[in-house]
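In: Any chance you could fold what I've pasted below:
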Amino acid sequence: MPNTGIRDRAEDHRRGREAAHEEALLRIQNGEYAKDFVLENRAGAPRPPQPAAHDRRAADREGRRALREMMPWIRKNRLVDTSKN
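Out: Reported below is the predicted structural model:
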């Protein structure tokens, strides 16, 4: 077996990745991927658990609150005096 350098192995890896991407694109373009997807779902393929809507909204609120805390100039220009209200 010839002694291949790291560049040769990296090039082989890149070519393999490109071939896999091209194959995936062809499956999407010719509709094979969509057919497989539909068949898998009809057969009862497991789906990842979805968080409840109220959990997502709560997470959004917490995220917005955390972002506002990172922006002190927003707090400085508040329209409501929180010390009184």
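
In: next one: stretch 60-73 to chain centre, how far?
Out: 22 Å (C-alpha atoms, centre = their mean, to the nearest Å).

In: Then stretch 50-61?
Out: For stretch 50-61 - counting by C-alpha atoms, centre = their mean - the centre lies 17 Å from the chain centre.

In: And the average pLDDT for that stretch is what?
Out: Taken as a whole, stretch 50-61 carries a mean pLDDT of 78.

In: Just the helices from this protein, written as ranges.
Out: 6-29, 32-42, 53-69, 72-76 (DSSP state H).

In: Same list (these) but as a markdown table, adding mean neighbour count.
Out: Glycine gets a C-beta too; all of them are placed from N, C-alpha and C. What follows is the helices of the chain, written out as a markdown table (neighbours: other C-beta atoms under 10 Å):
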| stretch | mean neighbour count |
| --- | --- |
| helix 6-29 | 10 |
| helix 32-42 | 11 |
| helix 53-69 | 10 |
| helix 72-76 | 8 |
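
In: ok, of those helices, where does mean pLDDT dip lowest?
Out: Across those, helix 72-76 gives the lowest mean pLDDT, at a mean of 72.

In: roughly how far apart are Lys35 and Leu26?
Out: 14 Å (C-beta to C-beta, to the nearest Å).

In: Oops, could you answer that again for Glu11 instead?
Out: 23 Å.

In: Does Tyr33 touch Arg27 like I think?
Out: Yes: at 4.4 Å, Tyr33 counts as touching Arg27 under the criterion of C-beta atoms under 8 Å.

In: joint contacts of those two?
Out: Listed contacts common to Tyr33 and Arg27 are nil; contacts here mean C-beta atoms under 8 Å, 6 or more residues apart in numbering.
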